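Engineer: turn this into a structure:
(one chain, ligands or ions: 1)
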Amino acid sequence: MGSAAASPPPSGSPLPSQDELKRVAAHRAVEFVEPGMTLGLGTGSTAAHALDRIGDLLRAGALPGVAGVPTSLKTELHASRAGIPLLPLGGAAGPARIHLSIDGADEVDADLNLVKGRGGSLLREKMIEGAGERFVVIVDESKLVPRLGCTGAIPVEVVPFGAPHTLGLIRKVFDGLPGFSARLRTVKKDAAEEMFVTDNGNYIVEMFFEDGIRGDLRDISDSLLRITGVVEHGMFLGMATTVIVANRDGTVTLLHKKK
Ligand SMILES: O=C[C@H](O)[C@H](O)[C@H](O)COP(=O)(O)O
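Structural biologist: Sure, this is the predicted structure:
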């Protein structure tokens, strides 16, 4: 990957909070937005800063003709409150092109492969970001990892019908991989545990790899997608064109996909 770093803030200034870093990365990404563009609108706490910034610029008249395709119901609500005109993906009302998508990530490796979807939005994100011409990822430094799966689960969206059976198939396929385990994601509601349900009405299987994935990511992706009952997974391989990293020292680094 290629990279470019901005200069640090004056010495003596206090270190920015993680949320401030997310905002810095998001605002830098919005600098790529031009009038008339259709955007893929990401989901999560980092992407939320981009939505607010785009909304502010639209209201100020600085981004005429900009519209967005939201990657989740949450983003749809946030973006419409921010005044961003929304479009569906495809169909007569959908845009002819998605020029640029901006979204956060849970992990980014040295080849700009990502883990996304720990918030549960991976399917719509992958559909929209995969359909776009450029995909700019916005993260704070804590998201950079030596191997995918180092800091948490690889989420896998599965159909609810027979979900325990699909979980069993996933376990069978990956049992040989070092430190592997898997479970269905649940959420606490009142005193009870319930299945986590995505915007698409599906469940999530969480795959864990102690110390991250040491196998071939493409092979793992192909094996997962061959399992009947699996809809999509949260490894976004080779999709990011640029990753904007807000560093703890206040600098910003741009990492570009190798041509
Ligand atoms: O499902 C959630 C999305 O993939 C998010 O983009 C990802 O989880 C990163 O979220 P955040 O910016 O809140 O860390």
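Engineer: output the set of residues of the stretch 1-150 of the chain in proximity to the ligand.
Structural biologist: Counting by CB under 6 Å from any ligand atom, the residues of the stretch 1-150 of the chain lying close to the ligand are 42-47, 103-106, 116-122, 125. In short, each C-beta sits where N, CA and C put it, glycine included.
Engineer: ok, of the residues you listed, which come out buried?
Structural biologist: Those of those that meet the buried threshold are 42-44, 46-47, 103-106, 116-122, 125, by 16 or more other CB atoms under 10 Å.
Engineer: can you flag which of the residues of the stretch 1-150 of the chain next to the ligand belong to strands?
Structural biologist: Those of these mapping onto strands are residue 103, per DSSP state E.
Engineer: ok, residue 58 to the ligand distance?
Structural biologist: 22 Å (CB to the nearest ligand atom, to the nearest Å).
Engineer: for residue 193, same thing?
Structural biologist: 20 Å.
Engineer: if we ignore the residues flanking it in sequence, what's nearest that residue?
Structural biologist: With CB to CB, 6 or more residues apart in numbering as the criterion, residue 193 has its nearest non-adjacent residue at 4.5 Å, and that residue is residue 186.
Engineer: what does residue 118 give?
Structural biologist: residue 106 (4.6 Å).
Engineer: returning to that earlier point: restricted to helices, list the residues of the stretch 1-150 of the chain next to the ligand.
Structural biologist: Within these, residues falling in helices by DSSP state H are 45-47, 122, 125.
Engineer: correct me, but the residue nearest to residue 193 touches residue 192?
Structural biologist: No: look at residue 186 against residue 192 with CB atoms under 8 Å: they stay out of range, at 9.3 Å.
Engineer: neighbour-wise, which of these two wins?
Structural biologist: residue 186 (14 against 8; other CB atoms under 10 Å).
Engineer: partner residues bridging that one?
Structural biologist: residue 195 (DSSP bridges).
Engineer: residues in contact with it?
Structural biologist: 193-196 (CB atoms under 8 Å, 6 or more residues apart in numbering).
Engineer: give me the pLDDT value at it.
Structural biologist: Confidence at residue 186, expressed as pLDDT, is 98.
Engineer: ok, residue 16 next?
Structural biologist: pLDDT, read off for residue 16, is 90.
Engineer: that one and the ligand, how far apart?
Structural biologist: 16 Å.
Engineer: dump the residue contacts of that residue.
Structural biologist: With CB under 8 Å, 6+ apart, residue 16 has these contacts: 24, 246, 248, 250.
Engineer: keep only those of those that are in helices.
Structural biologist: Short answer: the contacts of residue 16 in helices (DSSP H) are residue 24.
Engineer: quick one: buried ones out of the contacts of residue 186?
Structural biologist: Among the contacts of residue 186, none counts as buried (16+ other CB under 10 Å).
Engineer: ok, the closest residue to the ligand within the stretch 151-259 of the chain - contacts?
Structural biologist: Ranking the residues of the stretch 151-259 of the chain by distance to the ligand (CB to the nearest ligand atom) places residue 234 first, at 6.9 Å. Residues in contact with residue 234 (CB under 8 Å, 6+ apart) are 106, 115-118, 122, 154-156.
Engineer: thank you, goodbye.
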